[in-house]
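A.B. asks: okay, sequence plus prediction incoming.
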Amino acid sequence: MAGQWWQRHWATVVLAGVALTVGLWLGLTAPVTSPVNQLPSTAPVHGP
Amino acid sequence: MSADRGPGNAALPQALIVLGAVVAVWPVRPSATGITGDVVIAHVSGMLAGYGAVVLVALMSRWPVIERAVGADELARWHARGGRLVMALIVTHACAAVVVWARLRGIDAGSALIEVVRMPGVAAAVVALVLLLAVAGTSIRRARRRIRYETWHGIHLVSYLAVAAGFVHQLAGPDLAGHRAVQVGWSLLYTAAFALVVHYRLLVPLRTAMRHRLRVADVVEEGAGTVSITVGGSRLHELRAQPGQYFRWRFLTPDTWLSAHPFSLSAPPAHDSFRLTVSARGDGTHALQSIEPGTRVVAEGPYGILTERRRTRRDVVLIAGGVGIAPMRALFETLAIPPGGDVLLLYRTADPEHALLGDELDRLAQRAGARLHYLTQPGGGELTAASLLGRVPDLVTRDVFICGPPAMTRTLMADLTRAGLPRAHLHAEGYHSGSH
């Protein structure tokens, strides 16, 4: 049963894994500062 | 592919999209210290544009949950309106960003533009803007009439590249930079949307093609510029297609492989074949008139809400206009008719003598309880609630299924609703001429 499920859905699982990994990698390696925030008058106060 | 849900449930996806828009601008909370209207416009339009772009990608992913909840033609309208809105937001954001930067730095607009473009990811965003403007330009009705559907469709696919290119500068923007959790959430939103596209527009059709080995089995001319194509395959019952539904068909020939066209099943699905009926309305559909048996086919679906599962009443009226007769013909054959019940097919056509699938319909109308009326144009072809009530006085106590040109379908739906037909008894889908 599990074998059949894996046979049908392995591509979906791999794709979900890739999407999760790439999403995490992009988010975790994104820039910490923006040139815009270095101008005091434009610095937004961030919400949660 | 299980239970069908109609456009009546589109309120939930709409509410979720609006809620998402509120969450998307949540990171922007201008303080009172020097935050002016133009700064707020630049920030809010940017966040909403980024969110709107990813919503458009998800809506076009062919995710069955969305397709069934909203309906394909409603989705196409959302896409057109949403596309215009997102383009307006992007252009507003780009202009406001340069204007604000120029004012705050005390420099002219040209210098500000150069400095802004040098910010992280902004050069890619400018490329994205140019690509999206090109896509938008070719989508303007007047321009679309001048170019082939296949060309327009090919250009439209560039939108995915543009959305991905625009994403880069969003993470580095002032509202996300430095806020790790928000950056991760935003990134996952984008990768999830693109994963849906890859899954439902690429993997699922490929898996269907490999498992069911679809090929053109037969082509029968139905009349001038119209053919019925039988597509054979194996284990087709696994697709759980129902009469009244449609697939998006991609015929793998050098002329037609680039675009998938939605065509309804024009006969009840068999265990080893599907039949669709195609009228030549554009270059793509014209090429299908001479498709060769043996041609490989990739199909996405089934989609569509015009099925018996939507039925709530004993008596039914089916209303078809133009090639909208295809799903109606399949339903006309298979809708159960209980003793004393009545299934009436009203078929609007210019010429009943040469009506599309007319011979088959005449034969099916001999079934006990099934009736077929042709509404000829002009004159008797008028489709209004008043004219229909004249023919079917108990119309508002019946289920009504409609498939025809979008304008006809929308107008008739509104008219019937005003005439007192409960929305739950009304089941409709339009088809799109030219491409669909």
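C.D. replies: Yes, it's here. Numbers count the residues shown, from 1 in each chain, chains lettered A, B, ... in the order given.
A.B. asks: all contacts plus neighbour counts: C-alpha atoms, from now on.
C.D. replies: Fine.
A.B. asks: tally up the residues packed near residue 18, please.
C.D. replies: In the absence of a named chain, chain A is used. Neighbours of A:Val18 under the rule other Cα atoms under 10 Å in any protein chain shown: 15.
A.B. asks: if you could check chain B rather than the one you did, that'd help
C.D. replies: 12.
A.B. asks: state the pLDDT value of it.
C.D. replies: Note on B:Val18: pLDDT of 78.
A.B. asks: could you measure from it over to chain A?
C.D. replies: Relative to chain A, B:Val18 is positioned 19 Å away (Cα to the nearest Cα, to the nearest Å).
A.B. asks: shaky segments in the chain?
C.D. replies: I'll assume chain A. A:1, A:38-48 (pLDDT under 70).
A.B. asks: chain B, not that one
C.D. replies: In chain B, residues with pLDDT under 70: B:1-10, B:29-34, B:142-144, B:283, B:377-382, B:431-436.
A.B. asks: can you list the domain ranges for it.
C.D. replies: B:7-177, B:213-303, B:308-430 (automatic domain parsing).
A.B. asks: now those in a markdown table, with distance to A:Val13?
C.D. replies: Shown next, in a markdown table, are the domains of chain B (distance: least, Cα to Cα, whole Å):
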| stretch | distance to A:Val13 |
| --- | --- |
| domain B:7-177 | 16 |
| domain B:213-303 | 20 |
| domain B:308-430 | 31 |
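A.B. asks: out of the ones you listed, which gets nearest to B:His199?
C.D. replies: With Cα to Cα as the criterion, B:His199 lies closest to domain B:7-177 of the domains of chain B, at 8.2 Å.
A.B. asks: chain center to the closest one: distance?
C.D. replies: Centre-to-centre, domain B:7-177 and its host chain are 20 Å apart (Cα atoms, centre = their mean, to the nearest Å).
A.B. asks: before we move on, back to that, so for B:Arg201, which of the domains of chain B sits nearest?
C.D. replies: domain B:7-177 (6.5 Å).
A.B. asks: beta partners for B:Ile229?
C.D. replies: Taking DSSP bridges as the rule, B:Ile229 bridges to B:Val219, B:Leu276.
A.B. asks: B:Arg215 is in contact with that one, correct?
C.D. replies: No - with contact defined as Cα atoms under 8 Å, B:Ile229 does not reach B:Arg215; the gap is 10.2 Å.
A.B. asks: who has more neighbours, these two?
C.D. replies: A count of neighbours by other Cα under 10 Å puts B:Ile229 above the other of B:Ile229 and B:Arg215, at 24 against 21.
A.B. asks: ok, the more buried one - contacts?
C.D. replies: Under the criterion of Cα atoms under 8 Å, 6 or more residues apart in numbering or on different chains, the contact list for B:Ile229 reads B:Val216, B:Ala217, B:Asp218, B:Val219, B:Val220, B:Arg275, B:Leu276, B:Thr277, B:Val278.
A.B. asks: and the furthest pair within the residues you listed?
C.D. replies: B:Ala217 and B:Val278, at 15.0 Å, using Cα to Cα across those.
A.B. asks: where do the strands sit along chain B?
C.D. replies: Here chain B has its strands, by DSSP state E, at B:215-223, B:226-232, B:246-251, B:261-264, B:273-279, B:297-303, B:316-321, B:343-349, B:370-376, B:399-404, B:426-430.
A.B. asks: okay if I get the ones you listed as TSV plus distance to B:Phe194?
C.D. replies: Formatted as TSV, those follow (distance: least, Cα to Cα, whole Å):
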stretch	distance to B:Phe194
strand B:215-223	29
strand B:226-232	30
strand B:246-251	20
strand B:261-264	22
strand B:273-279	30
strand B:297-303	18
strand B:316-321	36
strand B:343-349	41
strand B:370-376	46
strand B:399-404	32
strand B:426-430	27
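A.B. asks: so where do the helices sit in chain A?
C.D. replies: A:2-28 (DSSP state H).
A.B. asks: in it, which residue is most central in space?
C.D. replies: With distances taken as Cα atoms, centre = their mean, A:Gly23 lies nearest the centre of chain A, 2.2 Å away.
A.B. asks: is chain A contacted by stretch B:113-128?
C.D. replies: Yes - against chain A, stretch B:113-128 shows contacts by Cα under 8 Å from any Cα of the partner chain at B:Met119.
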